[in-house]
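Engineer: okay, structure incoming, though there's no sequence with it:
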C-alpha cells in the first residue's frame, strides 16, 4: 500500500490535458494561491476554486487530480520564489544569507506553506533546482557528504523556525486588530506584576533597550543575529575538518 507521503504528484505521470482550452494548470495555480494566501488550506476546495475561475470543479480535474495535488504544486511555486546565488557569484556566507533571507520572506508571504513542508517529498522542478544550487553553494564552501546535508538542514531549521513564530504572531495580530507594539503593551501590566518572582528576566527587560523599539525591526535583527552565529559555527567547523 502506497503511503500518503509517497503519493506525490511528482511521482505520478502527467495528466492528459485534452480539451478545456480556456483553463491551464498555471491559471488554476495562480487562482488557488490567491485563496491560500487569503485563507490558508482550509479555505481552498476544488468547488471554491472552480467558482473563482468561473468553471465547474469537474473542469479542474482535467489539470489537477485533487486538492492535495494542487497544494503540492502550490508549494513548489512558492519555492520558485526563493533565489539562491549561482556558484562563483558571491562568497558562500553571502550566498547562504541570500538564500535564507529569501526563504524567510517567501514563507512569510505565503505562511500556509509552513504547515505543508514535509508532508510530501519536495521533488518539484523548483525544489530540485533550488536543491541543486544549494549543493553547489555548500560544496564550494568545502562541505561534502552528509555534513553538507546537515549544514543545509541547520539553515532550513533556523529559517522555518523563525518564520513559524513570526507567521503565528502575524496571524494573532490580524485577529486582534492590534500591531506588535499594541500587543506588547497589553501584556506589560502582567509582566510587571510578575517581576518580583522573576528578577533576572525583569532586570534584562528593563535594561535591554527593547522598550519603544520597532517590533518588526527586532524580529529582523533576531533572525540576522541567529543566522550569522550559525554561519560562524559552520565556518569554524570547516577550518577544523
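Structural biologist: Structure received. The model shown is predicted, which means the values in this text are computed figures rather than measured ones.
Engineer: where do the helices sit along this protein?
Structural biologist: Here the chain has its helices, by DSSP state H, at 25-39, 46-53, 57-60, 67-79, 92-109, 125-141, 145-176, 180-193, 199-207, 215-240.
Engineer: so what's the spatially most central residue of the chain scoring on pLDDT?
Structural biologist: The C-alpha lying nearest the average C-alpha coordinate of the chain belongs to residue 107 (C-alpha atoms, centre = their mean; 2.9 Å). Predicted confidence (pLDDT) at residue 107: the value is 97.
Engineer: my read: residue 100 touches residue 227, true?
Structural biologist: Yes: look at residue 100 against residue 227 with C-beta atoms under 8 Å: they come within range, at 5.5 Å. Every C-beta, even on glycine, is put in place using the N, C-alpha and C of the backbone.
Engineer: need the residues touching each of these two.
Structural biologist: By C-beta atoms under 8 Å, 6 or more residues apart in numbering, residue 100 and residue 227 have these common neighbours: 155, 158.
Engineer: looking at the two, which is more packed in?
Structural biologist: Taking neighbours as other C-beta atoms under 10 Å, residue 100 and residue 227 compare with residue 100 leading, 23 against 20.
Engineer: for that one, what are its contacts?
Structural biologist: 155, 158, 159, 227.
Engineer: contacts for stretch 68-81 next, please.
Structural biologist: So stretch 68-81 is contacted by 7-10, 25, 28-29, 32-33, 36, 41, 44, 46, 49, 64, 102, 106-107, 109-110, 113, 116-117, 120, 122, 124-127, 129-130 (C-beta under 8 Å, 6+ apart).
Engineer: count of residues packed around residue 24?
Structural biologist: 12.
Engineer: could you find the closest non-adjacent residue to it?
Structural biologist: Leaving aside its sequence neighbours, residue 24 sits nearest to residue 63 (C-beta to C-beta, 6 or more residues apart in numbering; 7.1 Å).
Engineer: any figure for the gap between that neighbour and residue 76?
Structural biologist: As for residue 63, its distance to residue 76 is 15 Å (criterion: C-beta to C-beta, to the nearest Å).
Engineer: neighbour count winner among the two?
Structural biologist: Neighbour count, other C-beta under 10 Å: between residue 63 and residue 76, residue 76 has more, with 22 against 19.
Engineer: what pLDDT does the more buried one get?
Structural biologist: 95.
Engineer: and what of residue 180?
Structural biologist: 70.
Engineer: repeat for residue 184
Structural biologist: Value for residue 184, per-residue pLDDT: 75.
Engineer: with residue 212 instead?
Structural biologist: 69.
Engineer: what do you get for the one 10 residues further on?
Structural biologist: Residue 222 carries a pLDDT value of 94.
Engineer: show me the contacts for the residue lying closest to it once chain neighbours are set aside.
Structural biologist: Spatial nearest neighbour of residue 222, chain neighbours left out: residue 162 (7.5 Å); criterion: C-beta to C-beta, 6+ apart. Each residue near residue 162 by C-beta under 8 Å, 6+ apart is listed here: 104, 219, 222, 223, 226.
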